[in-house]
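A.B. asks: Make a model of this:
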Amino acid sequence: MAGKREKPEDIVLKLRQVEVLQGQGRLVSDAVRQIGVTVQTYYRWRKEYGGMSRDQLKRLKELEAENTRLRRAVSDLTLDKMILAEAARGNY
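C.D. replies: Numbering: from 1, shown residues only. This is a model prediction of the structure:
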């Protein structure tokens, strides 16, 4: 059975909840159980999203989308260049 995927915004909120619960003196395992994830998932999230604010997360998503768009453009241009070089050699 596949688990549900959390949105990055929700992950940041849950990480903040764990920080608050730890500040109240709870153990990590108890705090993580209260937000409904495993300890392993918590540490994976903390490694990826730890210390991020919502604004930083929004900017990260924008940069990832731009990076994807630029990679696609570069690959298209590289392919066009290879086709033109092949045609210029007369191997068509």
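A.B. asks: Where do the domain boundaries of this protein fall?
C.D. replies: For the chain, automatic domain parsing gives the domain ranges 1-52, 57-92.
A.B. asks: can you pull the buried residues of the last one?
C.D. replies: Residues of domain 57-92 classed as buried: residue 57 (neighbour count, 16 or more other Cβ atoms under 10 Å). In short, each C-beta sits where N, CA and C put it, glycine included.
A.B. asks: Report the contact partners of residue 24.
C.D. replies: Applying Cβ atoms under 8 Å, 6 or more residues apart in numbering to residue 24 gives no contacts.
A.B. asks: you'd agree residue 53 is up against residue 15?
C.D. replies: No. Residue 53 is not in contact with residue 15 according to Cβ atoms under 8 Å; the separation is 11.0 Å.
A.B. asks: Those two - which one has more neighbours?
C.D. replies: residue 15 (18 against 10; other Cβ atoms under 10 Å).
A.B. asks: Now the more buried one: which helix or strand?
C.D. replies: Using DSSP states H and E, residue 15 sits in helix 8-23.
A.B. asks: Let me see the residues that make contact with the helix or strand following that helix.
C.D. replies: Going down the chain from helix 8-23, the next helix or strand is helix 28-35, by DSSP H and E. Here helix 28-35 makes contact (Cβ under 8 Å, 6+ apart) with 14, 17, 18, 21, 22, 26, 38, 39, 41, 42.
A.B. asks: Quick one: buried ones out of these?
C.D. replies: 14, 18, 21, 41, 42.
A.B. asks: Next, the fourth one: phi, psi?
C.D. replies: Okay, so that is residue 41. phi -60, psi -40 (degrees, to the nearest 10).
A.B. asks: Let me see the confidence value for the closest residue to it other than its chain neighbours.
C.D. replies: Nearest residue to residue 41, sequence neighbours excluded (Cβ to Cβ, 6 or more residues apart in numbering): residue 32, at 7.9 Å. Note for residue 32: predicted pLDDT of 94.
A.B. asks: go on, residue 79?
C.D. replies: 94.
A.B. asks: Quick one: list the elements packing against the helix or strand it falls within.
C.D. replies: Here residue 79, judged by DSSP H and E, is contained in helix 54-89. Counting contacts by 3 or more Cβ pairs under 8 Å, 6 or more residues apart in numbering; DSSP states H and E, helix 54-89 is packed against helix 8-23.
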